[in-house]
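In: Structure of the sequence below:
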Amino acid sequence: GQPQGADDFQLDIEAALKRTGYQGQLNCSVGREFDEQHCWFASHLFDPDLAIEGDCMLPLEGHVVKPSGFQRMKNRMLRRFGYTVVTLNQRQWDKFDPDHK
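Out: Numbers count the residues shown, from 1 in each chain. Model (predicted):
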């Protein structure tokens, strides 16, 4: 993959992950390995095949935070490429203090 730019929510997640000493890539291209068509970006990419996504679109169903439609589609694509996907929601993330992040 190839790292790209990032938004504030991604950078906040990145800062929290750095405090743990993680070895990953920020906003890295992913795709089909057999033809190298990397047309999607994982917010945070780890070996072996783990993607952490930040969803800042904040959809709600009642009082329950739900992944946005775009994030659900992106998660399906990343899983199809062989990644395990974890999605962090900005509304919930913002409630954490720095120690809990």
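
In: For the rest of this, base every contact and every neighbour count on C-alpha atoms.
Out: Noted.

In: At which residues are the strands of the protein located?
Out: 24-32, 37-46, 50-55, 60-61, 64-65, 84-89 (DSSP state E).

In: Export the ones you listed as CSV, with columns for distance to residue 73 and mean pLDDT.
Out: Converted to CSV, those look like this (distance: least, CA to CA, whole Å; pLDDT from 0 to 100):
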stretch, distance to residue 73, mean pLDDT
strand 24-32, 14, 82
strand 37-46, 11, 82
strand 50-55, 12, 91
strand 60-61, 17, 68
strand 64-65, 17, 78
strand 84-89, 12, 92
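
In: Select, out of these, the one closest to residue 13.
Out: When the strands of the chain are compared by CA to CA, strand 50-55 sits nearest residue 13, at 7.9 Å.

In: May I have the closest one as PDB, with CA atoms only?
Out: Output of strand 50-55 as PDB, limited to C-alpha atoms (Å, rounded to 0.1, in the frame of the first residue of the first chain):
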ATOM      1  CA  LEU A  50      -6.100  -5.700  10.000                       C
ATOM      2  CA  ALA A  51      -7.800  -2.400   9.100                       C
ATOM      3  CA  ILE A  52      -9.000   0.100  11.700                       C
ATOM      4  CA  GLU A  53     -11.500   2.600  10.200                       C
ATOM      5  CA  GLY A  54     -12.700   5.900  11.600                       C
ATOM      6  CA  ASP A  55     -16.300   6.700  10.800                       C
END
